[in-house]
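A.B. asks: below is the sequence, then the predicted model.
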Amino acid sequence: MKPSLKVLLVSCATIGATSLTLAQSAQPPSNATPSLQYANQGWTDDDRQAFYTTSQGSHMIPYLWFKALRRLDVDEPFAGDQLVRYGYLPNDRSKLNPEGLPVGFAIDGDVSTGQLGMSCAACHTGQVEYQKDGVTQQLRIDGAPALTDFQAFLTDLTTVSKATLENADRFGKFAHAVLGNRYSATRAEALKTDFAAWLKQWTTFMDRSLPASSPWGPGRLDAFGMIFNRVAGKDLGIDANFQTADAPVSYPFLWNASRQDKTQWTGGVPNGLYINAIGRNAGEVFGVFADFSPKKRLLPPPIDYGRSSIKFTNLQQLEEKIRALRPPPWPFALDQTLVDKGRVIYAQQCGGCHDPKPLPEGTWLTQVQAVGTDPRTYDNAQRTSQTGILAGELSPNPPGSRLSNPAATDDVLATVVVGALFEDAFPPLPKLPNPNSGVWLAIRKDFSVVLPELQKVSLLGLLRDRAMLENVKTHLHDRLANIYKLPGDAHAYEARVLRGIWATAPYLHNGSVPNLWELLTSPAQRQPFFMVGSRTYDPKNVGFATDASPFKSGKLAVSGADVQPGNGNGGHEYGTALTDEEKWALIEYLKQL
Ligand code: HEC
Ligand code: HEC
């Protein structure tokens with residue numbers, strides 16, 4: 001066993017059942033079985049299980065191969081611990097989860113031929129833990145940021161797969177596990193060829209994408225860096241388009257997401273209708289390992305965007321769940337006098353940027369502002385790419401324009417996303433539009449808001465009425481215009497509505513501030529580093545414990561000599577000049593938002 005892995009294993013026990021202590025109160029560790037509860041957010045158990053297990057068409061690795069891989073540090077299946085060592089949350093075996101995969105991992109297809117992939121819940125489900133009556137309480141929060149070390153998971157999966165290919169003994173066991181009673185030497189050789197081909201593309205992608213010297217660590221991921229590499233590098237087959245994904249961001253929370261008129265940390269995705277959501281989520285699946293191979297066609301439309309594993313219908317179902325999700329209520333006691341004092345301070349110092357501002361369509365205006373926080377996420381979003389077979393394609397940025405070569409990578413992504421949506425809704429002849437396609441489900445839900453005159457028309461009626469059909473196409477083009485375009489000034493990020501903010505530490509787009517008390521401390525006085533990854537809740541400072549992490553890469557330097565570009569904790573100085581007493585009052589108010 002490598003010493004580093006041993007450290008990881010030993011310390012992993014601290015996020016398991018046994019030795020949790022609450023940061024603020026020195027309670028003795030308890031040995032009782034932890035008690036898992038769900039925050040009251042408006043979901044039934046069925047909603048939750050559907051959200052945890054529905055495939056969005058993400059294809060990481062054939063499931064049987066994944067199941068047959070064994071760890072290098074101990075002789076156990078790679079996912080034998082339900083990936084708890086990377087911070088993923090366990091989920092019970094059930095009809096929807098026959099293989100007992102962790103929350104947000106799904107098999108696309110059946111167990112014997114399907115692919116393992118990740119879904120929204122792997123990255124957007126959180127849990128806070130605290131002691132009560134000598135028992136560890138685990139409070140599951142749906143839509144909250146994951147505290148997972150995604151990069152460590154990807155890296156270890158790569159390492160284990162390489163060892164499996166290279167070590168004859170390991171490969172023998174792997175082949176027997178995959179092939180079962182179909183095993184023969186010939187079949188094992190064929191498996192080896194397939195596995196080597198998968199591993200080659202997987203490793204190439206990871207080597208070019210993951211930052212070697214400054215890993216993301218727990219609770220962060222460079223989502224756009226990965227999506228851009230996937231689409232512009234791998235899917236278009238242009239090596240020069242790869243760049244290291246070195247601007248990790250904090251996982252955002254989802255309960256307000258469908259109401260904001262813009263989403264993503266940079267505010268780059270127009271939002272509000274289901275069609276916006278399915279566009280945003282299609283971009284995400286491209287990044288989270290969807291198979292996608294755009295090809296030139298002989299007859300118009302010139303590019304076939306339909307060759308992808310994205311499950312649009314499931315994306316629509318997942319988004320409908322998220323719409324119903326409410327912010328989690330604060331689970332501890334509150335001092336109402338302090339709350340009332342804090343309300344006044346909030347209105348003076350914070351509400352101008354963070355209060356929901358209702359728009360006519362029912363969404364909230366999202367302010368995207370430069371407040372002096374770390375520039376790298378914004379800067380990386382400015383990258384450009386060669387466009388290959390997409391050069392000259394119709395681009396939605398702005399509608400009617402053509403993709404140049406090179407072009408903003410944002411525009412490349414926008415072009416393939418809108419292309420894939422149109423392909424799903426209006427496949428070229430001889431195929432006919434399928435009324436149950438995900439994009440049509442989204443469009444029909446949106447009619448009630450934006451095109452009520454179309455609500456009563458059947459899809460067939462619509463397809464017969466060319467004028468109306470053009471109306472729908474124009475609607476799609478307009479609503480998807482400027483998707484991924486940055487709306488704010490240089491280094492501007494979204495000033496989100498803060499409902500439920502207590503459950504979403506660490507804070508700021510790059511996760512550089514561990515709790516609300518630190519956010520209200522002037523940047524020069526904020527801690528230069530802290531530990532990330534503990535789920536032990538700190539109800540006083542409002543965030544997670546920062547004195548220990550179950551992860552090897554859990555220490556995050558955010559200022560001083562050790563800080564890596566992208567990780568700086570500067571900026572957002574609002575409220576830092578308040579007295580301590582005023583700050584505690586403001587924090588009390590923020591707890592119950
Ligand atoms: C691999 C992890 C991962 C998966 C899987 C994932 N997301 Fe995300 N999601 C992120 C990260 C990281 C961001 C922040 C990206 C950014 O803005 O730079 C994000 C951003 C978002 C946002 C914007 C939130 C805001 O307030 O700006 C929404 C909404 C969202 N995701 C919903 C979803 C849905 C729905 C799914 C599944 C269909 C999904 N995500 C799957 C990691 C993930
Ligand atoms: C001028 C506008 C503005 C004012 C005033 C303002 N904020 Fe912010 N706030 C922002 C922006 C922009 C961000 C996003 C910055 C980033 O992610 O880098 C942000 C981020 C935050 C976050 C982190 C959100 C998350 O999901 O991680 C919290 C918490 C927050 N602000 C609280 C406050 C409080 C409390 C006050 C009042 C003391 C306040 N803000 C005042 C603009 C503002």
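C.D. replies: Structure received. Residues are numbered from 1 along each chain as shown. Ligands and ions are numbered 1, 2, ... in the order given.

A.B. asks: which one of the residues in the stretch 101-250 of the chain is closest to ligand 2?
C.D. replies: Per C-beta to the nearest ligand atom, Ser250 is where the stretch 101-250 of the chain lies closest to ligand 2, at 6.1 Å. Where you see a C-beta, it was placed from the backbone N, CA and C, and this is true even at glycine.

A.B. asks: which residues touch the residue lying closest to that residue once chain neighbours are set aside?
C.D. replies: Excluding its sequence neighbours, the residue lying closest to Ser250 (C-beta to C-beta, 6 or more residues apart in numbering) is Gly511, at 3.5 Å. Contacts for Gly511 (C-beta atoms under 8 Å, 6 or more residues apart in numbering) come out as Gly219, Arg220, Pro248, Val249, Ser250, Val532, Leu556.

A.B. asks: in this structure the fourth one contacts Asp222, no?
C.D. replies: Yes - using C-beta atoms under 8 Å, Val249 and Asp222 qualify as a contacting pair, with a distance of 6.8 Å.

A.B. asks: of those two, which one has the most company?
C.D. replies: Taking other C-beta atoms under 10 Å, Val249 and Asp222 do not tie; Asp222 has more neighbours (28 against 25).

A.B. asks: for the more buried one, give its distance to ligand 1.
C.D. replies: Per C-beta to the nearest ligand atom, to the nearest Å, Asp222 is found 8 Å from ligand 1.

A.B. asks: ok, that residue touching Pro215?
C.D. replies: No - contact criterion C-beta under 8 Å: Asp222 and Pro215 do not qualify, at 10.6 Å.

A.B. asks: can you give me the distance of Gly575 to ligand 2?
C.D. replies: On the measure of C-beta to the nearest ligand atom, Gly575 and ligand 2 end up 3 Å apart.

A.B. asks: can you tell me what sits against the longest helix along the chain?
C.D. replies: The longest helix of the chain (DSSP state H) is helix 185-209. Identification of contacts with helix 185-209 by C-beta under 8 Å, 6+ apart yields 61-62, 65, 154-155, 158, 161-162, 164-165, 171-172, 174-175, 178-179, 225-226, 229-230, 233-234, 239, 242, 244-245.

A.B. asks: pretty sure His572 contacts Gln369?
C.D. replies: No - here His572 does not reach Gln369: they are 9.8 Å apart, not a contact under C-beta under 8 Å.

A.B. asks: more neighbours, these two?
C.D. replies: Between His572 and Gln369, His572 has the larger neighbour count (other C-beta under 10 Å), namely 20 against 17.

A.B. asks: now stretch 379-399, how far from the centre of its chain.
C.D. replies: The chain centroid and the centroid of stretch 379-399 are separated by 23 Å, computed with C-alpha atoms, centre = their mean, to the nearest Å.

A.B. asks: so is that stretch next to ligand 1?
C.D. replies: No - contact of stretch 379-399 with ligand 1 (C-beta under 6 Å from any ligand atom) is absent, the minimum separation being 8.2 Å.

A.B. asks: so does that stretch get close to ligand 2?
C.D. replies: No - for stretch 379-399, no contact with ligand 2 is found by C-beta under 6 Å from any ligand atom; the gap never falls below 13.0 Å.

A.B. asks: any buried residues in that stretch, and which?
C.D. replies: Using 16 or more other C-beta atoms under 10 Å as the burial criterion, the residues of stretch 379-399 that qualify are 380-381, 383-388, 390, 393-397.

A.B. asks: and what of stretch 188-206?
C.D. replies: Neighbour-count burial for stretch 188-206 flags Ala188, Leu191, Phe195, Leu199, Trp202, Phe205, Met206 (criterion: 16+ other C-beta under 10 Å).

A.B. asks: for the stretch 301-450 of the chain, just list every one of the helices.
C.D. replies: For the stretch 301-450 of the chain, applying DSSP state H, counting those that start in this stretch gives helices covering 312-323, 336-349, 351-354, 376-380, 409-425, 438-450.

A.B. asks: mean pLDDT for these - can I get that in a markdown table?
C.D. replies: A markdown table is the format used below for those (pLDDT from 0 to 100):
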| stretch | mean pLDDT |
| --- | --- |
| helix 312-323 | 97 |
| helix 336-349 | 98 |
| helix 351-354 | 98 |
| helix 376-380 | 98 |
| helix 409-425 | 96 |
| helix 438-450 | 86 |
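
A.B. asks: of those, flag the one that's most buried.
C.D. replies: Each of the helices of the stretch 301-450 of the chain was scored by mean neighbour count; the highest is helix 409-425, a mean of 25, by mean count of other C-beta atoms under 10 Å.

A.B. asks: packing partners of that helix?
C.D. replies: helix 223-228, helix 274-287, strand 384-385, strand 394-396, helix 438-450, helix 466-479 (3 or more C-beta pairs under 8 Å, 6 or more residues apart in numbering; DSSP states H and E).

A.B. asks: what about that helix, distance to the chain center?
C.D. replies: Relative to its parent chain, helix 409-425 has a centroid offset of 19 Å by C-alpha atoms, centre = their mean.

A.B. asks: next one: stretch 109-118
C.D. replies: Its chain's C-alpha centre and that of stretch 109-118 lie 20 Å apart, by C-alpha atoms, centre = their mean.

A.B. asks: and that stretch, what's buried?
C.D. replies: Under the neighbour-count criterion of 16+ other C-beta under 10 Å, stretch 109-118 has Gly109, Gly114, Gln115, Leu116, Gly117, Met118 buried.

A.B. asks: per-residue pLDDT, the last one?
C.D. replies: Per-residue confidence (pLDDT) for Met118: 98.
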